[in-house]
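**Q** model this:
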Amino acid sequence: MKSSLQTSTALLTERLARQGSELTASERALAEALGRDYPHALLESATALAARTGTSASTVVRLFAKLGYASYAEAQREARGEVTALLQTAGQRAPVTIGTERSLQQCVDDALLHDQHNITATRDGLDMAAFEAIVARIAQSSGRVFVLAQINSAPVAAWLALHLNMCRPGVHELGAGAVAATDQLLWIQPEDTLLVFSIRRYASGPVKMAQRFRDAGAQVLAIIDSNAAPLAALAHHRVQVRISNASPFDSYTAAFFVCNALVSAVAQLRHEAVSEALKRRDDLWKDVEAQLIVEGNPPAGRRGGKR
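**A** Below you'll find the predicted structure:
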């Protein structure tokens with residue numbers, strides 16, 4: 001049986017609004033209590049919720065089944081995700097996400113459900129006009145593309161820069177191991193592009209970089225987790241990803257999903273050039289790999305034996 005998080009992105013409050021006319025008196029009283037204190041009301045057990053609202057545990061179970069949840073536990077997973085979205089740091093999120101009576105299997109299931117929901121909610125809320133504008137700029141611009149992220153977003157940005165480099169020339173990662181970002185600012189031109197991540201915890205560096213790119217007449221494209229993100233107002237185009245999780249740590253699965261879609265779309269627009277580049281890359285890989293084998297140690301299976 002599919003969970004409701006797989007089949008619907010509707011939150012509890014939206015489901016209550018849709019089903020309100022079909023609820024019994026006791027279910028309606030419970031629904032009103034939930035609506036007043038959502039999502040925090042669902043952080044307690046069904047028995048505790050029933051006692052606090054003056055209903056029975058069976059009423060709680062019946063209401064959530066009527067709302068389309070596979071179980072009360074599933075509704076709790078949704079609520080934890082909504083709570084973590086309101087808390088800015090892992091330290092703030094820890095008390096409401098860990099230390100409860102969850103089995104390790106539940107940790108696995110919670111992670112799966114949240115990531116499925118994050119991807120679905122991100123896709124359903126995706127601004128396609130902004131997505132297409134970002135893809136067109138990356139695929140068609142003659143200038144350079146700089147990819148920038150700090151702290152937790154850096155691994156996603158590294159993956160994106162690596163794969164965009166296979167799709168077009170002039171891609172530069174402004175992250176760990178890259179030329180200092182301040183030195184890169186010396187030569188920014190209007191045809192250049194900054195593709196920057198703004199996902200909590202927010203750092204001031206990307207904001208300052210984005211402002212410098214704008215001052216130089218270049219374009220700023222952003223992947224953000226909220227319209228309140230500091231970079232939202234500076235971006236010419238932006239797409240938003242959902243990062244909620246059942247642990248103290250934000251999930252970057254939806255961010256990877258959007259980056260995967262961006263790379264796929266850029267490759268689609270540049271299909272001939274990308275096909276040729278990937279063939280050259282295969283040849284280069286064979287040459288470099290062969291050279292490394294000659295200069296270094298041979299593979300383990302080839303040591304000391306006759307062939």
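**Q** what about Arg200, distance to Pro230?
**A** For Arg200, the distance to Pro230 equals 10 Å [CB to CB, to the nearest Å]. Quick note: C-beta positions are derived from backbone N, CA and C, even for glycine.
**Q** Just want to know which of these two has more residues nearby.
**A** With neighbours defined as other CB atoms under 10 Å, Arg200 and Pro230 compare such that Arg200 has more, 21 against 17.
**Q** Ramachandran coordinates for Glu74?
**A** Main-chain torsions, Glu74, degrees, to the nearest 10: phi -70, psi -40.
**Q** doesn't Leu113 make contact with it?
**A** Yes. At 7.1 Å, Glu74 counts as touching Leu113 under the criterion of CB atoms under 8 Å.
**Q** Tell me which of those two has more neighbours.
**A** A direct count of neighbours by other CB under 10 Å for Glu74 and Leu113 places Leu113 higher, at 21 against 18.
**Q** Make sure the more buried one is actually in contact with Gln76.
**A** No. Between Leu113 and Gln76 there is no contact under CB under 8 Å: 10.6 Å.
**Q** and stretch 226-244, what's its mean pLDDT?
**A** Mean pLDDT, computed over stretch 226-244, is 94.
**Q** Endpoint to endpoint, that stretch covers what distance?
**A** 12 Å (CA to CA, to the nearest Å).
**Q** try stretch 39-48
**A** Distance across stretch 39-48, first residue to last, is 15 Å (CA to CA).
**Q** now swap in stretch 64-80 and tell me
**A** 16 Å.
**Q** Report the buried residues of that stretch.
**A** 64, 67-70, 72-80 (16 or more other CB atoms under 10 Å).
**Q** do stretch 48-67 as well
**A** 49-50, 53, 55, 59-60, 62-64, 67.
**Q** Could you do stretch 207-216 as well?
**A** Neighbour-count burial for stretch 207-216 flags 207, 209-210, 212-214 (criterion: 16+ other CB under 10 Å).
**Q** chain center to the helix or strand encompassing Lys286: distance?
**A** Lys286 belongs to helix 271-295 when assigned by DSSP states H and E. From the chain centre to the centre of helix 271-295 is a distance of 31 Å (CA atoms, centre = their mean, to the nearest Å).
**Q** And that helix, what's buried?
**A** 274, 277.
**Q** State the mean pLDDT of that helix.
**A** On average, the pLDDT along helix 271-295 is 85.
**Q** rewinding a little: now, the most widely separated pair of the buried residues of stretch 64-80?
**A** The span of the buried residues of stretch 64-80, defined through CB to CB, is set by Gly68 and Arg80 at 18.3 Å.
**Q** Sketch out the helices for the stretch 1-150 of the chain, chain order is fine.
**A** All helices of the stretch 1-150 of the chain, identified by DSSP state H, counting those that start in this stretch, fall at 4-7, 12-19, 25-36, 46-53, 57-66, 72-86, 90-97, 104-124, 128-140.
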